[in-house]
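Undergrad: Based on what follows, work out the 3D shape:
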Amino acid sequence: DRHPDLLTPDFDWYRGSLLKEEHYNNENELIQSVDYNYQLGTDIDQIFGMRAYTYFLFDIPEDDVIGILVLPGGGEVYIYSPGLEYRKLRWGAQCYTSVFKNLESKTITSYFNGQQLIDQYTYSYSENLPHYNKSKINNIKQELSNGQSKQTVYKYTNDYSDADCFVDYEADRASAYDQYITNLEQNCLNADVCYDFEYSGSEDCIDCIKDEYSSYLQNLLTVFQNYQQCLDNQVSNSDNYASSLLQLSAKNQLQLVEQQEQIIDNNITYQLFGNFTLFDTYPSDQILPAISLSAEFIQPQNPNETLINSQGELIYSGYEVKTYYDEYDARGNPLQHHEADNINITYLFGYNYSYPIAKIENSTYSEVEANIGCTYEQLQEKTGTELMTVFDNLRTALSNAFITSYTFISLVGLETKTDPSGITTYYYYDSFNRLETIKDHNGNIIKHIDYHYKDE
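TA: Numbering: from 1, shown residues only. This next block holds a predicted model:
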């Protein structure tokens with residue numbers, strides 16, 4: 001009776017994923033079925049700890065218990081009429097698993113007039129990411145009935161960093177984990193400190209496991225700091241846009257950079273269209289989207305290749321500028337952008353920077369700031385009719401601009417919307433903060449919603 005309890009591993013993380021769904025019509029005929037398959041990530045971490053649990057040493061019903069003794073150090077002793085007793089609370093070594101379980105494929109079968117139409121989707125995930133972010137989809141592929149395949153390809157900030165940094169990081173992290181398991185087994189689980197203890201548990205054993213885990217976390221921190229230093233070295237040798245991507249990668253801010261729609265015919269890949277985003281550092285020291293680009297083709301073309309070359313330059317040929325993001329506020333809200341045709345659009349945010357309160361077309365942010373009658377910070381305190389007055393005055397001052405303004409009821413919803421011609425629509429809510437009535441500027445009801453519960 002003097003041995004450690006090694007508990008069954010907890011597999012809750014593996015259960016509960018949807019495997020199949022079926023859809024039927026009103027005549028109970030199957031019209032569509034969807035099958036799901038999953039894959040486990042290649043990086044599996046296992047963390048060991050101590051867990052208290054209930055245990056019945058004797059096969060005696062709890063109804064036969066005549067008394068319960070609470071121990072001073074914690075735990076309970078159950079007392080039975082024949083004089084038998086045992087402790088209900090025991091301790092054991094528990095293994096916890098950390099791994100991503102990702103959707104690998106989805107098969108949609110549609111039934112129509114005795115025929116079956118099958119759509120097959122397969123999913124793959126970015127490998128050039130730290131182990132705790134390997135659930136980012138980098139490819140969705142659809143098999144078409146004509147023998148072709150269509151796929152969507154995604155690239156994130158980490159996909160543009162030097163692969164050598166990532167390879168070293170993965171190797172160092174795996175080494176730290178192997179060392180943790182070795183030390184845990186030698187110093188704790190297979191040693192006297194954990195092997196020889198009573199059912200009530202061993203504080204020395206628990207402390208040993210805690211110490212090994214703390215050392216493991218410290219080693220992981222060192223590994224990650226080395227990874228960041230490697231990325232920082234790349235940043236200093238790169239151009240502005242490349243540097244911004246690498247800084248995001250170093251901070252582990254995984255932003256979507258590129259998306260391409262492609263078609264595969266006879267094992268040759270062609271690009272249909274794509275979107276690409278350039279990032280830059282703004283005065284608020286935030287790295288945010290700077291330019292949005294796109295590529296659309298009448299005839300499929302060879303896929304564009306975007307990368308950071310050996311000179312630290314970001315290459316993104318084949319894309320055309322769609323939108324420039326000119327200015328952001330301190331919270332990262334966009335204040336001004338303009339399209340390739342140079343039409344400026346300004347946005348204002350209010351209610352402590354949490355709601356968009358105006359869209360101003362054909363005007364720059366500096367023009368709005370000069371005519372709004374208060375500072376951007378003071379604007380955050382204004383609500384309701386006071387805010388509406390601010391925008392009425394702004395419409396007069398910027399007569400060539402098209403201003404759509406909004407007021408809100410915080411944590412409830414939209415209160416008013418005023419279009420560029422100055423006509424206001426009003427929104428009303430019931431006592432449960434549900435939208436109830438929408439009225440025009442003359443008080444006429446545009447829409448009314450009645451909420452009824454079942455059987456009312």
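Undergrad: Rank the helices and strands of this structure by mean pLDDT and give me the bottom one.
TA: strand 85-87 (a mean of 49; mean pLDDT, DSSP states H and E).
Undergrad: which stretches of this structure have low pLDDT?
TA: 1-8, 48-93, 128-134, 145, 162-164, 166, 193-202, 234-238, 456 (pLDDT under 70).
Undergrad: Name the single longest helix found in it.
TA: The longest helix of the chain (DSSP state H) is helix 203-235.
Undergrad: Show me what the helix or strand that that one is followed by is packed up against.
TA: Per DSSP states H and E, helix 203-235 leads on to helix 240-250 as the next helix or strand towards the C-terminus. Here helix 240-250 touches helix 203-235, strand 268-281, strand 287-301, strand 307-308, strand 314-315, going by 3 or more Cβ pairs under 8 Å, 6 or more residues apart in numbering; DSSP states H and E. Where C-beta positions appear, they are placed from N, C-alpha and C, glycine not excepted.
Undergrad: List the buried residues in the longest helix of the chain.
TA: Within helix 203-235, the residues scored as buried using 16 or more other Cβ atoms under 10 Å are 205-206, 208-209, 212-213, 216, 219-220, 223, 227-228, 230-231, 234-235.
Undergrad: before we move on, what about stretch 245-265?
TA: Neighbour-count burial for stretch 245-265 flags 245-250, 252, 254-255, 257-258, 260-264 (criterion: 16+ other Cβ under 10 Å).
Undergrad: next one: stretch 343-362
TA: Those would be 344-351, 353, 355-358, 360, for stretch 343-362 by 16+ other Cβ under 10 Å.
Undergrad: how about the CA coordinates for stretch 276-284, as CSV?
TA: Below are the C-alpha coordinates for stretch 276-284, written out as CSV (Å, rounded to 0.1, in the frame of the first residue of the first chain):
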residue,chain,number,x,y,z
PHE,A,276,-2.3,41.1,-49.6
THR,A,277,-1.8,43.5,-46.7
LEU,A,278,1.3,45.6,-45.9
PHE,A,279,1.8,46.6,-42.3
ASP,A,280,3.6,49.6,-40.9
THR,A,281,4.4,51.2,-37.6
TYR,A,282,2.3,54.3,-36.7
PRO,A,283,3.0,57.2,-34.3
SER,A,284,1.2,55.3,-31.5
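Undergrad: what about it, distance to the chain center?
TA: Remark: stretch 276-284 is offset 20 Å from the chain centroid, using Cα atoms, centre = their mean, to the nearest Å.
Undergrad: How about stretch 221-239?
TA: Distance, centroid of stretch 221-239 to centroid of chain: 24 Å (Cα atoms, centre = their mean).
Undergrad: what do you get for stretch 286-306?
TA: Worked out by Cα atoms, centre = their mean, stretch 286-306 lies 23 Å from the chain centre.
Undergrad: Which residues belonging to it are considered buried?
TA: Within stretch 286-306, the residues scored as buried using 16+ other Cβ under 10 Å are 287-293, 295, 300, 303-304, 306.
Undergrad: wait, which of those residues is closest to I140?
TA: Nearest to I140, judged by Cβ to Cβ, of these is P303 at 15.4 Å.
Undergrad: Could you measure from G422 over to Y365?
TA: Between G422 and Y365 the computed distance is 22 Å (Cβ to Cβ, to the nearest Å).
Undergrad: more crowded one of the two?
TA: Counted by other Cβ atoms under 10 Å, G422 and Y365 do not tie: Y365 has more neighbours, with 21 against 13.
Undergrad: For the residue lying closest to the more buried one once chain neighbours are set aside, give me its contacts.
TA: Leaving aside its chain neighbours, Y365 sits nearest to Q336 (4.2 Å; criterion: Cβ to Cβ, 6 or more residues apart in numbering). Counting by Cβ atoms under 8 Å, 6 or more residues apart in numbering, Q336 makes contact with 325-327, 344-347, 364-365.
Undergrad: switch the cut-off to 10 Å
TA: 324-328, 344-347, 360, 363-368 (Cβ atoms under 10 Å, 6 or more residues apart in numbering).
Undergrad: How about F276?
TA: So F276 contacts 155, 257-260, 291-295, 304, 306, 316, 318-322 (Cβ under 10 Å, 6+ apart).
Undergrad: mind running it again at 8 Å?
TA: 257-258, 292-295, 304, 306, 316, 319.
Undergrad: Greatest separation within the residues you listed: which pair is it?
TA: Within these, two members stand farthest from each other by Cβ to Cβ: S292 and N304, at 14.9 Å.
Undergrad: Can you list the buried residues in stretch 371-386?
TA: Quick answer for stretch 371-386 (16+ other Cβ under 10 Å): 372, 376, 379-380, 382-383.
Undergrad: with those in mind, which one is nearest to A191?
TA: When the buried residues of stretch 371-386 are compared for distance to A191 (Cβ to Cβ), Q380 comes out closest, at 60.4 Å.
Undergrad: So that closest one sits against N352, correct?
TA: Yes. Counting by Cβ atoms under 8 Å, Q380 does reach N352; the two are 5.3 Å apart.
Undergrad: what about I409, neighbour count?
TA: Around I409 there are 16 residues (other Cβ under 10 Å).
Undergrad: which phi and psi does it have?
TA: Backbone torsions of I409, given as degrees, to the nearest 10, read phi -100, psi 110.
Undergrad: check contacts around it.
TA: So I409 contacts 415, 429 (Cβ under 8 Å, 6+ apart).
Undergrad: For it, which residues count as its bridge partners?
TA: On the basis of DSSP bridges, I409 is bridged to G413.
Undergrad: Bridge partners for S292, pull those for me.
TA: Applying DSSP bridges to S292 gives these bridge partners: T277, T323.
Undergrad: Can you list the buried residues in the host helix or strand of S175?
TA: Using DSSP H and E, S175 maps to helix 163-184. Buried residues in helix 163-184, counted by 16+ other Cβ under 10 Å: 165-166, 169-170, 172-173, 176-177, 180, 183-184.
Undergrad: Including distance to D455, could these go into TSV?
TA: Below are the buried residues of helix 163-184 laid out as TSV (distance: Cβ to Cβ, whole Å):
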residue	distance to D455
C165	63
F166	59
Y169	60
E170	59
D172	63
R173	58
A176	61
Y177	58
Y180	59
N183	64
L184	59
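Undergrad: give the contact list for H448.
TA: 436-438.
Undergrad: can we see that at 6 Å?
TA: Counting by Cβ atoms under 6 Å, 6 or more residues apart in numbering, H448 touches T437.
Undergrad: any idea how far it lies from F349?
TA: Distance of H448 to F349, computed by Cβ to Cβ: 31 Å.
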